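Peer 1: Below: sequence and its predicted model.
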Amino acid sequence: MDLRPLLGEASLEVPKEGQLSRGELLELLPKADGLIALLNVRVDSELLAAGKRLKIVANFAVGYDNVDLAEATRRGVVVTNTPDVLTDATADFAFTLLLAAARRLGEGERLVRAGAWQGWAPGLLLGTELRGRRLGVVGAGRIGRALLQRAKGFAMDLVYDSPRQMPEAEALGARHVSREELLATCDFVSLHCPLSQNTKGLIDAKALATMKPTAILVNTARGACVDHEALADALESGAIAGAGLDVFENEPQVPERLLELESVVLAPHIASATLSARTKMAEICANAIRTRLQGSCPPTALNPEAMQ
Ligand code: DGY
């Protein structure tokens, strides 16, 4: 997609195909008034200091744990994200992972591709149906609620854990429960919380030990919300039954132990990867840059106070 028409007076520099190295980015930044940052670019004090002219960082993601927002604000740099436009794509994909793990799709695919399928058999790759099973959503924001909406259509029993009761989630028939109750009683647990000091390692050995041995964990939030070593332990020992993971702490590295486990469905951080969502994300970023460089505050600003 060509963003130039959306940028107004601003010129766009895309120095090369693919991603810039940190060094290349730091070298280019002193000339830049705005930056479109992908979620794997650490927008920290070093980068913000290099961007002496920067007025805006448009983060090409709804999550912005890669950005030091306080430092950006201190330097008068407005930071924006891309809310709403990827909600459906991400919720669709969380449900895809949930179903794929419940019905052991990855295992089936590998069996067929390996030429090892011996034909129909009554006990081949038995999975779990969704009707009446309990889904627990951790973080009932836009994406969490969109997942609850999908799960309602599959007649699942719905609960959520959020800092406060959410009328929109209750309207879908979901019940507000404590984190402890959610982990202990759910057949499926799906994470939809931002990554923060409070949610880093949220699913650790202690949390996994309280889950049902039949439970399936889905993560489309951020990899660091889950302790992957503890998850591998839990899957190997049968403390939980399976997982569907789109995100990892050190992407694109995926822990070797998870790669070896049949019970995990793995995806390369593609939950928002639909043409429609990604086009709209790009448009939001370009519009935010234009708006800021024309002297106004973009509607998706996370720190409008940085304008002062
Ligand atoms: C986001 O926007 O935070 C997603 O992780 C991108 O897919």
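Peer 2: Arrived safely, thanks for sending.

Peer 1: Could you list the paired strands of the stretch of helix or strand Ala243 belongs to along with their orientation?
Peer 2: Ala243 is located in strand 242-245, with elements delineated by DSSP states H and E. Paired neighbours of strand 242-245 in the sheet (DSSP bridges): strand 216-219 (parallel), strand 264-266 (parallel).

Peer 1: closest one to the ligand among those strands?
Peer 2: Closest to the ligand of these is strand 216-219 (CB to the nearest ligand atom; 10.8 Å). No exception for glycine: its C-beta is placed from N, CA and C like everyone else's.

Peer 1: what residues does the closest one touch?
Peer 2: Here strand 216-219 makes contact (CB atoms under 8 Å, 6 or more residues apart in numbering) with 94, 97-98, 101-102, 128, 187-191, 203, 211, 225-226, 231, 240-247.

Peer 1: how much space between the residue nearest to the spatial centre of the chain and Thr291?
Peer 2: Closest residue to the average C-alpha location of the chain: Ala221 at 3.1 Å, with CA atoms, centre = their mean. Note on Ala221: its distance to Thr291, by CB to CB, to the nearest Å, is 28 Å.

Peer 1: try Gln19
Peer 2: 26 Å.

Peer 1: who in this structure is up against the ligand?
Peer 2: Proximity of the chain to the ligand, by CB under 6 Å from any ligand atom, involves residues Leu39, Ala61, Val62, Gly63, Leu86, Ala271, Ser272.

Peer 1: most neighbours, which of those?
Peer 2: Ser272 (26 neighbours; other CB atoms under 10 Å).

Peer 1: ok, for that one, nearest residue in space, not its chain neighbours?
Peer 2: Counting by CB to CB, 6 or more residues apart in numbering, Ser272 lies nearest to Leu86, which is 3.9 Å off, once chain neighbours are set aside.

Peer 1: Could you do Ser45 as well?
Peer 2: Computed as CB to CB, 6+ apart, the closest residue to Ser45 that is not its neighbour in sequence is Glu71, at 4.9 Å.

Peer 1: hmm, back to that, Gln19 and Thr291: which has the busier surroundings?
Peer 2: Set Gln19 next to Thr291 and count neighbours by other CB under 10 Å: Thr291 wins out with 20 against 11.

Peer 1: So which of the residues of the chain next to the ligand are in strands?
Peer 2: Among the residues of the chain next to the ligand, DSSP state E puts none in strands.

Peer 1: quick check, nearest of the residues you listed to Ala301?
Peer 2: Val62 (13.9 Å; CB to CB).

Peer 1: could you show me where the strands are in the chain, in order?
Peer 2: Secondary structure of the chain (DSSP E): strands at 34-37, 56-59, 78-80, 134-138, 157-161, 175-176, 188-191, 216-219, 242-245, 264-266.

Peer 1: neighbouring strands for the first one, and are they parallel or not?
Peer 2: Sheet pairing of strand 34-37 (DSSP bridges) gives strand 56-59 (parallel).

Peer 1: If you count neighbours, what's buried in the strand it pairs with?
Peer 2: By neighbour count on 16 or more other CB atoms under 10 Å, the buried set for strand 56-59 is Ile56, Val57, Ala58, Asn59.

Peer 1: Just give me the closest of these to the ligand.
Peer 2: Of those, the one sitting nearest to the ligand (CB to the nearest ligand atom) turns out to be Asn59, at 8.2 Å.

Peer 1: who does that closest one bridge with?
Peer 2: On the basis of DSSP bridges, Asn59 is bridged to Ala37.

Peer 1: That one and Ala91, how far apart?
Peer 2: Relative to Ala91, and taking CB to CB, Asn59 is found at 20 Å.

Peer 1: can you pull the pLDDT of the residue of the stretch 201-308 of the chain found nearest the ligand?
Peer 2: Residue of the stretch 201-308 of the chain nearest the ligand, by CB to the nearest ligand atom: Ser272 (3.5 Å). Listed pLDDT for Ser272 reads 98.

Peer 1: For it, which residues are in contact?
Peer 2: Ala61, Val62, Leu86, Ala89, Thr90, Phe93, Arg278, Met281.

Peer 1: Alpha carbons only: can I get the strand holding Ala243 in CSV?
Peer 2: Provided in CSV are the C-alpha atoms of strand 242-245 (Å, rounded to 0.1, in the frame of the first residue of the first chain):
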residue,chain,number,x,y,z
GLY,A,242,-3.1,-27.9,24.9
ALA,A,243,-2.3,-24.4,23.7
GLY,A,244,-2.8,-22.1,20.7
LEU,A,245,-0.1,-19.5,20.6
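
Peer 1: Give me the contact list for that strand.
Peer 2: For strand 242-245, the surrounding residues in contact (CB under 8 Å, 6+ apart) are 94, 96-98, 100-102, 104, 216-219, 223, 226, 231, 235, 258, 263-267.
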